[in-house]
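Undergrad: can you look at this prediction? I've put the sequence above it.
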Amino acid sequence: MTRDRITDSRKLLGRLRDIMAVDAGGQTRLDQITGLIAEEMLIEVCSIYLFRDADTLELCSTEGLNKEAVHHTRMRMGEGLVGLVARKGHVINTDDAPSTKGFRYMPETGEEAYSSFLGVPIQRLGEKLGVLVVQSREARKYSEDEVYAVEVVAMVLAEMAELGAFIGEGAAMSARHQQPVLFRGSTAQEGTARGHVWLHEPRVVVTNPFAEDPTRELERLNEAVDELRVGVDRMLSHARSGDKEQLEVLETYRMFANSKGWMRRIEADIGRGLSAEAAVEKEQSTARSRMGQVADAYLRDRLHDLDDLSNRLLRILTGQGGQTGAEMPPDPILIARNIGPAELLDYGRSLKGIVLEEGAVGSHATIVARALAIPLVIHAGNITTEALNGDPILVDGDQGIVHLRPDDTVFAAFKDKMAMQAKAQERYTSIRDKPATTLCGKTLSLNMNAGLMADLPSLAGSGADGVGLFRTELQFLIRSQMPRRGELSELYARVIDAAADKPVIFRTLDIGSDKVLPYMKPTDEPNPAMGWRAIRVGLDKPGVMRMQLQALIRAAAGRPLSIMFPFVAQRDEFTMARAEMDKALERERVLGNPTPSTLKVGAMLETPSLAFSPEQFYQEVDFLSIGGNDLKQFFFAADRENERVRRRYDTLNVSFLTFIEQIIARCAASNTPLSFCGEDAGRPVEAACLAAIGLRNLSMRPASIGPVKSILRRTDLDELAGVIARASASGTQSVRADVMDYLREKL
Ligand code: PEP
Ligand code: MG
């Protein structure tokens, strides 16, 4: 590029800035801009098309075409060359527009006279706002420099639109963020919430797109990039060598931060008169529009990384941290691409709901959201670019649906649903202190699952009889390094204190599979759910297990203690783990520390193999708890994390119920207390069936205690057992239909 041309584009931007500096209506400004571009670039036509709605572009200003067509000529996304530029997010540069594929003649504009056409998308961070077009009579392709100049103007236009500069007569840009949008995601935590958007990472606002002194801007850029590189290197040196994913992301950061091409493009834009931040944002915008078109998941992830890196650079350049001065609404619904468990815990119960673009059912953030009972929808499209801070939003965690800026009818229907839920909640509260006694006079023990201190207030609130499953791994997962024994023992003591006289069953560390500790060397296993996890890790590397057992004994400080080992597949695993417990007790005795007044050591039955273990095993354990989530996935060979297969097999399948009945029978024969603590225990119909086939102890999320107690109190288990037996004998695959018919009639 010649020096003259750089000076020219800088002059163009300088004049553009002058236009923007004068207070004028949106239409006047648009007209001034199209006039200016035509004049400066010595071309006959310059037009601006903006989105009227998500699918319609409107000619909003022109220099050179028929002015009467302004606000009349409209086209759909993908229609004509302008619509094509908008849809593809690509430049179209042709010397023979009428013969170019996609051309559509619009007689009202008088554009038939122009051969060459250059269309550039107006987009901000991948979000489509419109198209900037220049046309000339002479049949020629526009030069690279001309294309660049138009791109830079388009970028400035996009920036101004975001700032609301054009909002006013005719211009349609403001419509974009005002319309209702529906997102269909997946359920990660049930429940409904109504509130206002709170962006976890608010967008950086670039307030000065122009700069007069490119040398100074280049200096600013270089300083910021240096700071960025130092930051990335620091993150790399602190990253756990074990966390492959984190390292991969950081290495990509480093690669981009040192990428010459990336820097050169930003520097060239600064040379043309953009401020350093506007140049970074322009580059980010291009990458974002590419992101939507890349099918390869790995590449898309890398583009996401580049996007994150650009955000970091923008924050350094603008001095805007996570805080933009916006105030958190009183009913915040958190919107993020993804979020870590510790960050989520920082927000705590202040959140009414959470919506993530990514996320996973088994992710740590999901586990925390569940513990806090905050409705969570994951895989919600591109919600972070659609939502603005303060937008009204409805989260339907039951259906996995999110309504952003809902219209009145949706809002009313949602309110009805919430009111019904509130009514049901009142009903549950009224039976909170009543026993879970069925119509046929059998009383069940309903316990809650927990994993965080934050769960404990639910013990009183839900009316649970105790904590049937305390998942200790959460404390390990939310930290960046291995917790110390003293810390753990203090925490377990607080859990026992908070439970007062209600029993708590602590499950020892269940890591591996989907739960990978950030500070432990990961194992590259082809099938981690069936791999080196839970008790297998505990027995092979007993250091952590010993530390945890000791912490538990110290926490009990002479009070009763119950623990269980996860994922026991055969008798000797339990025997060895129990021996570790005995050794730990002995050590404490020798040290003169108090030992628990009563100690119960149980196992989780999560693999079919354990059900068939020898009688001696049933004698040996103090109790068993069926981990239905894992047991079901291994019974049906259907991955609990895989959306495709996870709902394929019904818990009320006759084979599965028969299998559970056999476990119940074996426990009854050996007098081994048995409970069920998988997710199914918290689903009312499933819970009623489990009770009907003989389970008397269920452990579930706190929010499920009310609904489960309510159905049990209205059900005759003997009758229901009859329904199940008859359906099973009929050869049906699942008893669900018969059970539902019966319950509908009775309840
Ligand atoms: C289970 O597998 O049912 C269970 C309760 O354990 P988790 O869900 O933590 O694997
Ligand atoms: Mg399990």
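TA: Arrived safely. Ligands and ions are numbered 1, 2, ... in the order given.
Undergrad: could you use CA atoms for every contact and neighbour count after this?
TA: Noted.
Undergrad: and residue 123, how far from residue 151?
TA: 10 Å (C-alpha to C-alpha, to the nearest Å).
Undergrad: can you count the residues close to residue 261?
TA: 10 (other C-alpha atoms under 10 Å).
Undergrad: which SS state does it fall under?
TA: helix (DSSP: H, G, I helix; E, B strand; the rest coil).
Undergrad: same question, residue 75
TA: Going by three-state DSSP: residue 75 is strand.
Undergrad: start at 18 instead
TA: Understood, numbering begins at 18; the last thing we discussed is residue 92.
Undergrad: can you tell me how far the residue nearest to it when sequence neighbours are not counted sits from ligand 1?
TA: Of all residues not flanking residue 92 in the chain, residue 74 sits nearest, at 5.2 Å (C-alpha to C-alpha, 6 or more residues apart in numbering). Applying C-alpha to the nearest ligand atom, to the nearest Å, the value for residue 74 to ligand 1 is 50 Å.
Undergrad: and residue 74, what pLDDT?
TA: pLDDT for residue 74: 85.
Undergrad: show me what it bridges to in the sheet.
TA: Here residue 74 sits in beta bridges with residue 68, residue 92, going by DSSP bridges.
Undergrad: picking up where we left off before, more crowded one of residue 140 and residue 168?
TA: residue 140 (25 against 20).
Undergrad: quickly find the element holding the more buried one.
TA: Under the criterion of DSSP states H and E, residue 140 resides in strand 133-141.
Undergrad: get me the contact residues on the stretch 518-667 of the chain for ligand 1.
TA: Within the stretch 518-667 of the chain, the positions adjacent to ligand 1 are 644-647 by C-alpha under 6 Å from any ligand atom.
Undergrad: what's the closest non-adjacent residue to residue 431?
TA: Closest to residue 431 by C-alpha to C-alpha, 6+ apart is residue 411, at 7.7 Å.
Undergrad: hmm, back to that, hang on, the residue nearest to residue 92 packs against residue 100?
TA: Yes - the criterion here is C-alpha atoms under 8 Å, and residue 74 meets it with residue 100 at 7.3 Å.
Undergrad: shared neighbours, those two?
TA: Shared contacts of residue 74 and residue 100, defined by C-alpha atoms under 8 Å, 6 or more residues apart in numbering, comprise 92-94.
Undergrad: pLDDT-wise, what's the bottom of those residues?
TA: residue 94 (81).
Undergrad: residues in contact with that one?
TA: 72-74, 100-101, 103-104.
Undergrad: what about residue 241, how many residues close to it?
TA: 20.
Undergrad: which helix or strand contains it?
TA: Per DSSP H and E: residue 241 is located in helix 231-255.
Undergrad: show me which parts of that helix are buried, residue by residue.
TA: 231, 234-235, 237-238, 241-242, 245-246, 249-250, 253 (16 or more other C-alpha atoms under 10 Å).
Undergrad: out of these, which is nearest to residue 700?
TA: residue 253 (44.1 Å; C-alpha to C-alpha).
Undergrad: how near is that closest one to residue 98?
TA: Taken as C-alpha to C-alpha, the span from residue 253 to residue 98 is 46 Å.
Undergrad: cool, and residue 663?
TA: Taking C-alpha to C-alpha, one finds residue 663 at 45 Å from residue 98.
Undergrad: one more: residue 51?
TA: In this view, residue 51 and residue 98 are 19 Å apart by C-alpha to C-alpha.
Undergrad: cool, residue 598 as well?
TA: 74 Å.
Undergrad: ok, the two, which is more surrounded?
TA: residue 98 (25 against 20).
Undergrad: excluding chain neighbours, what is closest to the more buried one?
TA: residue 120 (5.2 Å).
Undergrad: and that neighbour, how many neighbours?
TA: Neighbours of residue 120 (other C-alpha under 10 Å): 16.
Undergrad: who's in contact with it?
TA: So residue 120 contacts 97-98, 114 (C-alpha under 8 Å, 6+ apart).
Undergrad: ok, so of those residues, who is nearest residue 160?
TA: Relative to residue 160, and with distances defined as C-alpha to C-alpha, the nearest of those is residue 114, at 15.9 Å.
Undergrad: quick one: pLDDT of that closest one?
TA: 87.
Undergrad: ok, it - contacts?
TA: Residues near residue 114 by C-alpha under 8 Å, 6+ apart: 120, 131-134.
Undergrad: how about residue 751?
TA: Listed by C-alpha under 8 Å, 6+ apart, the contact set of residue 751 reads 667, 669-671, 745.
Undergrad: quick one on the thing from earlier: make JSON lines from the contacts of residue 114 and add distance to residue 509 and pLDDT to it.
TA: Output for the contacts of residue 114, formatted as JSON lines (distance: C-alpha to C-alpha, whole Å; pLDDT from 0 to 100):
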{"residue": "120", "distance to residue 509": "70", "pLDDT": "80"}
{"residue": "131", "distance to residue 509": "78", "pLDDT": "87"}
{"residue": "132", "distance to residue 509": "77", "pLDDT": "88"}
{"residue": "133", "distance to residue 509": "74", "pLDDT": "92"}
{"residue": "134", "distance to residue 509": "71", "pLDDT": "92"}
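Undergrad: circling back to that earlier point, got TSV for the residues of the stretch 518-667 of the chain next to ligand 1, with pLDDT and secondary structure too?
TA: Converted to TSV, these look like this (pLDDT from 0 to 100; DSSP: H, G, I helix; E, B strand; the rest coil):
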residue	pLDDT	secondary structure
644	97	coil
645	96	helix
646	93	helix
647	94	helix
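Undergrad: in those residues, which residue is surrounded by the most others?
TA: Using other C-alpha under 10 Å as the neighbour definition, those reach their maximum at residue 644, which records 24 neighbours.
Undergrad: mind checking the backbone torsions on that one?
TA: Main-chain torsions, residue 644, degrees, to the nearest 10: phi -90, psi 90.
Undergrad: next: residue 496.
TA: phi -100, psi 160.
Undergrad: how many residues are close by it?
TA: Neighbours around residue 496, by other C-alpha under 10 Å: 14.
Undergrad: please name the nearest non-neighbouring residue to it.
TA: With C-alpha to C-alpha, 6+ apart, the residue lying closest to residue 496 is residue 359, at 7.4 Å.
Undergrad: could you check the pLDDT of that neighbour?
TA: At residue 359, pLDDT is 71.
Undergrad: give me the element it is part of.
TA: helix 358-364.
Undergrad: residues from the stretch 268-417 of the chain in reach of ligand 1?
TA: Counting by C-alpha under 6 Å from any ligand atom, no residue of the stretch 268-417 of the chain is near ligand 1.
Undergrad: just to revisit the earlier point, quick one: the contacts of residue 94 as a markdown table, columns for neighbour count and secondary structure too.
TA: Listed next are the contacts of residue 94 as a markdown table, based on neighbours: other C-alpha atoms under 10 Å; DSSP: H, G, I helix; E, B strand; the rest coil:
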| residue | neighbour count | secondary structure |
| --- | --- | --- |
| 72 | 13 | coil |
| 73 | 18 | strand |
| 74 | 27 | strand |
| 100 | 26 | helix |
| 101 | 22 | helix |
| 103 | 30 | helix |
| 104 | 17 | helix |
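Undergrad: secondary structure element for residue 651, which one?
TA: Short version, using DSSP H and E: residue 651 is in helix 645-652.
Undergrad: and stretch 323-330, how far out from the chain middle?
TA: 19 Å (C-alpha atoms, centre = their mean, to the nearest Å).
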